[in-house]
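K.L.:
build the 3D model from these lines:
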Amino acid sequence: MGRVNRPPGPERLVDSLVDLQRRIAHLETNGTPLPLPLLTLWTPLPAASFANGWTPGTPAPQWCIDASGWVAVYGRCVPGTITNATVVFTLPAAAVPGQAQRYPAATNGGGGAEVYVDGQGNVKCYSVPTGATLLDLSVLYRQDM
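P.N.:
Numbering: from 1, shown residues only. Below you'll find the model as predicted:
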């Protein structure tokens, strides 16, 4: 399984600056660049991708895909319509799985829920408790599965 990092915090930014300085020094000394590491860049979901009264929470949902084809979706949503099979948001085409995926999700409404990522990139909610004000997402899947 590919390694998925959470969105960068201040400590990761410092590490990135130190690495950049090391790479510049190597290039100036040797005239050749160091090979780049495999990077995982997190992309926030645009507010326009949300539907049915759902909105981004804090932290807002983000997605990434690594070079091995692993897709991660991480973040919180504020519920709108909680009827089963309601579309919460739609993922960009690059993050759509090859087949539908179902995952547990945490809520603050006294119980868990499920999220379903269909083959068109629609993320749907199931069993969201009445009164829940947050839905936590932490989803990981292979793009080709």
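K.L.:
which strand or helix spans Trp77?
P.N.:
Check again: residue 77 is Cys, not Trp. Under the criterion of DSSP states H and E, Cys77 resides in strand 70-78.
K.L.:
kindly apply the preceding question to Ile24 instead.
P.N.:
Secondary structure (DSSP H and E) places Ile24 in helix 10-30.
K.L.:
that helix: what's the following helix or strand?
P.N.:
According to DSSP H and E, the helix or strand after helix 10-30 is strand 43-44.
K.L.:
now for that next one, which elements pack on it?
P.N.:
Applying 3 or more Cβ pairs under 8 Å, 6 or more residues apart in numbering; DSSP states H and E, one finds that strand 43-44 contacts strand 62-65. Bear in mind the C-beta positions are built from the backbone N, C-alpha and C, glycine included.
K.L.:
and the strand it packs on, what does it pack onto?
P.N.:
Secondary-structure packing of strand 62-65 (3+ Cβ pairs under 8 Å, 6+ apart): strand 43-44, strand 70-78.
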